[in-house]
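Trainee: Please find the sequence and the predicted model below.
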Amino acid sequence: MFHQILYSLHIIGMATIIGIGLYLFINKNIAEATRKTLALYLMSAAHTQVLTGFILFFLLLPQVNHMKIGIKMLFAIEVAMLATIYRKKISKDEKPNPVFLLVILITSITTAVIAFVI
């Protein structure tokens, strides 16, 4: 039961990262207050993704493909770091480089493909 709840949170976190990332990347004319709120949600989803991933890894340690999980963890940590940097720049009313969102999206989609296809 605990495993299923964590897995659900993990999937919801990934969907949130991809959804908010796409929305922020596509829509350039968003109010600053909305952009700040969405950046906070993006960062929170990325941190949730890393945390639930680590917990799931240790719960299922003997059953996992360690190389696959290692690559996914590196990507998840990268996304969390970039989302945190993006949020800090937004909260300081700076204009972040749009490459941040592009890299977050590409890395998140790559991670989802690794998780579900490979």
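Mentor: Here it is on my side, so go on. Being a predicted model, the structure only gives us computed values, none of them experimental.
Trainee: Provide a list of residues in contact with the residue nearest the centre of the chain.
Mentor: A centroid search over the chain (CA atoms, centre = their mean) returns residue 46, at 3.4 Å, as the residue closest to the centre. Applying CB atoms under 8 Å, 6 or more residues apart in numbering to residue 46 gives the contacts 13, 17, 76, 79, 80, 83, 84, 104. Every residue, glycine included, has its C-beta placed from N, CA and C.
Trainee: Recalculate using a threshold of 6 Å.
Mentor: Under the criterion of CB atoms under 6 Å, 6 or more residues apart in numbering, the contact list for residue 46 reads 17, 79, 80, 83.
Trainee: wait, which of the residues you listed is closest to residue 118?
Mentor: residue 79 (17.9 Å; CB to CB).
Trainee: element containing that closest one?
Mentor: helix 66-91 (DSSP states H and E).
Trainee: Can you list the helices and strands that that helix packs against?
Mentor: Helices and strands in packing contact with helix 66-91 are listed as helix 32-59, helix 99-116; criterion 3 or more CB pairs under 6 Å, 6 or more residues apart in numbering; DSSP states H and E.
Trainee: Report the inter-axis angle for it versus helix 32-59.
Mentor: Computed by axes from the mean of the first three to the mean of the last three CA atoms, to 10 degrees, the angle separating helix 66-91 from helix 32-59 equals 160 degrees.
Trainee: Number of residues surrounding the closest residue to residue 105 other than its chain neighbours?
Mentor: Spatially, and ignoring its direct neighbours in sequence, residue 105 is nearest to residue 21 (4.5 Å; CB to CB, 6 or more residues apart in numbering). Close neighbours of residue 21, defined as other CB atoms under 10 Å, add up to 27.
Trainee: Perfect, that will be all.
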